[in-house]
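J.: Predicted model and sequence follow; I will ask about them next.
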Amino acid sequence: MKNVKQLILCTFGALLLFAACNTDPLNNAIDEFSPIISIKPIQTSGIITLQDMNTNELINGAVTVTFSGPGADAMVDMYSDPVERVTVENGFMNYYVSNDVIPTTDDPLKVTLNITKDGYLPLTKTISIADTGSAGFRMRLADKNNLPKGITKQTKAQTTADATTGETAEDISVVATNTGADGSSQDSTQLQIAAGSILTDANGTALTGQLTSTVTHYSPADPQAMSYLQSLNEEMSTPDSAATLIGLTEVEITDASGHRATGLQAGQAKAKQKVAAGPHMQSSLQCEAGQTLISSKSEYNFNAPPNFYIVSDGKGYIKSSDKIQGTTYSVCIDGVPEKYSLLTDKVQVKNIDLTINLNGNDKYTVYTIFTYGYSQDYSYISKRRHFVPWINDPEYPVTYDLTFYLPTPYETSIEVGGRNSFTIDLPEATPKTHVNVALQCKDPSKKVRVQELPYDVLYRKVGSNGDWNFATNTQAEYNRITRALESGSFDLAGVERGASYDVKVAYDNTEAGTQILMDSNNVNHTVTISSSICK
Amino acid sequence: MKRIHTYKLLLLLFAMALTTVTVRAQIPELAVGINGGTTGIGGEVTASISSKLNARVGFNTFSYSLSGAYNDNEPGLDYNANLKDNNFSALVDYYPANRGFKLTAGFYYYNFEVNGTAKANQSYTLNEGQPNEKTFSPDRLGGLGVNVSYPNKLMPYAGLGFGNPVAAKGRLKLNVQLGVLYSGAPNISMSGNGLISGTTDQASAFQQGLNEFKWLPVINLGVSYKVR
């Protein structure tokens, strides 16, 4: 009977074992069950700051960035959905590139950004993404009400256009001035539109009522103004291509309803542009009604450029493959307000061999090359050939100012003329500060329920009005046990020990801002997320 | 270790049974019955081996379907689950006294499986009202699949009960069975597609919870009829 009793006890014991099962882990799993949005990891992403050219502050309010150019189709959002246009509010834009495209130095992804913001001059820039991972670009926009000194704007009431037919009552005359290399002021753009002409907007609607002309001039002597122009060599694939600088002036004609003229339906327009960067930098053209929109007759012997661009109205271009002396050409208007910095016949786009010794600085270091009438952004990682304009004449050596963002700006210059091979030794990099961040949600009961969060980090010393800089080596750690994105880390360059920095963790065009005291080379900090990725 | 002890216990029970068996020369008494309980609904056949020992084989089955909506968290999910339970048992009942009380040991071949699917039942909007607002359709969000089953289908059983289907008095008997199966922890696997496929990471948390459930309780009630 002893065995029987043991057996009974064992049986009840087993039942008790079951009853005594720890149900907490299962209950917790059930209670904490939550559908998680999985974001496909994106190999190539980055950030573009949209900052005020004068103040360096990130621009608040809606800024719209439209993608165009050969790489536009590769642009996606954080969820790998294609995007053509993005509107952001916080003064930066996170960009993401489809995993189907692997940009390399030899085959960079070129995307043209058409940036518009109420109250600011539109900006068109092409960025070149030459690597997977993360890169940062700066876009500086000019406030129309607080233009940088190199950009001037003149508005003038012109004649009226008939309310029914749109025919202009009198001639329209626009004369803009330019700044020569010697600092002198001279007429650069003259636009004459004969009375009786009909101006139409992009939809073909005739402009009516009071017409107003607005002339925006970008001084070729001003780096900021030049940075507003899309450099021609962005579009060139080979060096030694000649082009012609015919203007840095944007002329806009609008009617009382705000319709913007993009062409002539009838009548005649003549435009003459002249830029005196040097004795070779001048040209003129004449526009007439008919054909596509406006036709042009050159008075100058251009050196068979593969493409010949104009900026007379800020949105047009002429395509040509032959010599155009004495020939009439069609001007194709594409409606996109692009501006190009163009070069004269004797100014040739040549490659310069620039060797840069990083000296410990980041491979994503960006730099600007500027000379009169020309400005172009480069990044070290792109390692593009530097197709810079220079005059093929010893009489006209060209000095280029180079600014490297390390991130503290480092300036140097080279003179291109007798030689075109240079070596730049950058200052030795300061040790980077490694920042570890713990992510927490604004609501402490929630967690960041995404597996991947491609993000970038902007930082700037508290109280500084300099550029927002880009962190590198951004990492994020997803905890599979807690099913939450819990931490991340990144490196900051050029950080001053003991100083506090404003830090913006930027993801999906949203930011989580914080201040971090950089009291060592390895800093721990907590960042609070308020986005609905917290669940 | 617990599992080893369980097997030892069963062997002991069988040894006890064998030592008490006095093989009858005549054909064993037989009873058939039906029962229902935690192992499902089914039937069994009982044969007497000795005055204190019966052998019993049975089959039980159970299935259940469940569907509904889980909207506690966004995105909401429509789910659908099917439970299938088919089991065969081979048991020995030992009657220590000449009454109905019995001790039982044996094995179950237990085929237990739960399959479930869940699919997003509504669009889901991230960052609503913000410039980076993003709405995903249910198709884009995708769905989940889940499977729960026991890796070892052959499970030892130990229990006690009341009622002897082949007892001399009367043909119709009421039988009660209480016991436990050592099932080992069930396995859970999750699969997913679409944007919510990452939810399958939570399988590990569920598995952790299920690891606590290595014993399966058995409570069955039945009636039997002595046919011989």
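T.: Here it is on my side, so go on.
J.: Who are the contact partners of the residue of the stretch 351-500 of chain A found nearest chain B?
T.: Residue nearest to chain B within the stretch 351-500 of chain A (CB to the nearest CB): A:Q451, separated by 4.7 Å. All C-beta atoms are positioned from the backbone trio N, CA, C, and that covers glycine. Taking CB atoms under 8 Å, 6 or more residues apart in numbering or on different chains as the criterion, A:Q451 is in contact with A:36, A:38-39, A:478, A:485, B:198, B:201.
J.: all strands of chain B, in order?
T.: Along chain B, counting by DSSP state E, strands occupy B:30-37, B:40-48, B:53-70, B:77-94, B:101-120, B:124-126, B:134-136, B:143-149, B:154-162, B:172-182, B:187-193, B:215-226.
J.: Go through the fifth one and flag the buried ones.
T.: When burial is assessed from 16 or more other CB atoms under 10 Å in any protein chain shown, strand B:101-120 yields the following buried residues: B:101-106, B:108, B:110, B:112, B:114, B:116-120.
J.: Which pLDDT value belongs to A:T205?
T.: If you check A:T205, the pLDDT there is 88.
J.: Check the gap between the nearest residue to it once chain neighbours are set aside and B:V45 for me.
T.: Nearest residue to A:T205, sequence neighbours excluded (CB to CB, 6 or more residues apart in numbering or on different chains): A:H259, at 6.1 Å. Between A:H259 and B:V45 the distance is 94 Å, computed by CB to CB, to the nearest Å.
J.: most centrally placed residue in chain B?
T.: B:T39 (5.2 Å; CA atoms, centre = their mean).
J.: Let me see the contact set for it.
T.: Taking CB under 8 Å, 6+ apart, one finds B:60, B:62, B:85, B:87, B:89, B:108, B:110, B:218, B:220 in contact with B:T39.
J.: Identify the residue spatially nearest to it, adjacent ones excluded.
T.: In space, B:T39 is closest to B:N60, 4.4 Å off (CB to CB, 6+ apart).
J.: likewise A:T526?
T.: A:A438 (4.6 Å).
J.: Enumerate the beta-bridge partners assigned to that neighbour.
T.: A:S487, A:T526 (DSSP bridges).
J.: And A:T200, by the same measure?
T.: Bridge pairing for A:T200 - DSSP bridges - gives A:A206, A:G263.
J.: try A:G136
T.: A:I47.
J.: For residue 166, which non-adjacent residue is closest in space?
T.: Looking at chain A here, since you left the chain open. A:A206 (2.8 Å).
J.: Not quite, go with chain B.
T.: Nearest to B:V166 is B:E29, by CB to CB, 6+ apart, at 4.0 Å.
J.: The one you found: neighbour count?
T.: 19 (other CB atoms under 10 Å in any protein chain shown).
J.: for chain B, what are the low-confidence residue spans?
T.: Counting by pLDDT under 70, chain B has low-confidence residues at B:1-26.
J.: ok, now which residue in it is the farthest from the centroid?
T.: B:P131 (52.3 Å).
J.: on that earlier part again, columns distance to A:T399 on top of the strands of chain B, output as CSV?
T.: As requested, the strands of chain B are arranged in CSV below (distance: least, CB to CB, whole Å):
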stretch, distance to A:T399
strand B:30-37, 95
strand B:40-48, 91
strand B:53-70, 69
strand B:77-94, 66
strand B:101-120, 62
strand B:124-126, 51
strand B:134-136, 49
strand B:143-149, 64
strand B:154-162, 88
strand B:172-182, 87
strand B:187-193, 60
strand B:215-226, 86
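J.: hang on, A:I381 in a strand?
T.: No - counting by DSSP: H, G, I helix; E, B strand; the rest coil, A:I381 is not part of a strand but helix.
J.: which residue packs closest to B:G198, ignoring adjacent ones?
T.: A:S38 (3.1 Å).
J.: show me the contacts for that neighbour.
T.: A:450-452, B:195-199.
J.: quick check, A:N28 in a helix?
T.: Yes - counting by three-state DSSP, A:N28 falls inside a helix.
J.: Next one: A:D201 relative to chain B, how far apart?
T.: Separation of A:D201 from chain B (CB to the nearest CB, to the nearest Å): 28 Å.
J.: Hmm, I typed the wrong one, I wanted A:Y95.
T.: Distance from A:Y95 to chain B, by CB to the nearest CB: 13 Å.
J.: Please work out how many residues are found near that residue.
T.: Per other CB under 10 Å, the neighbour tally for A:Y95 reads 29.
J.: next one: A:S520
T.: Around A:S520 there are 11 residues (other CB under 10 Å).
J.: what's the answer for B:V45, then?
T.: 16.
J.: so who does it touch?
T.: B:V45 neighbours (CB under 8 Å, 6+ apart): B:30-33, B:56-58.
J.: on that earlier part again, and the residue nearest to A:G166, how many neighbours does it have?
T.: Neighbour count for A:A206, taken as other CB under 10 Å: 20.
J.: Same check on A:I516?
T.: 22.
J.: Who is it paired with across the strands?
T.: In this entry, A:I516 is beta-bridged to A:Y501, by DSSP bridges.
J.: I figured it hits A:V523, correct?
T.: Yes - if you go by CB atoms under 8 Å, A:I516 and A:V523 touch, sitting 6.0 Å apart.
J.: Overlap in contacts, those two.
T.: A:V435.
J.: Tell me where chain A has helices.
T.: Using DSSP state H, the helices of chain A run over residues A:2-19, A:24-31, A:223-227.
J.: what about the second one, near chain B?
T.: Going back to what we said before, that points to helix A:24-31. Yes - Helix A:24-31 reaches chain B (CB under 8 Å from any CB of the partner chain) through A:24-30.
J.: Separate out the buried members of those residues.
T.: A:25-26, A:29.
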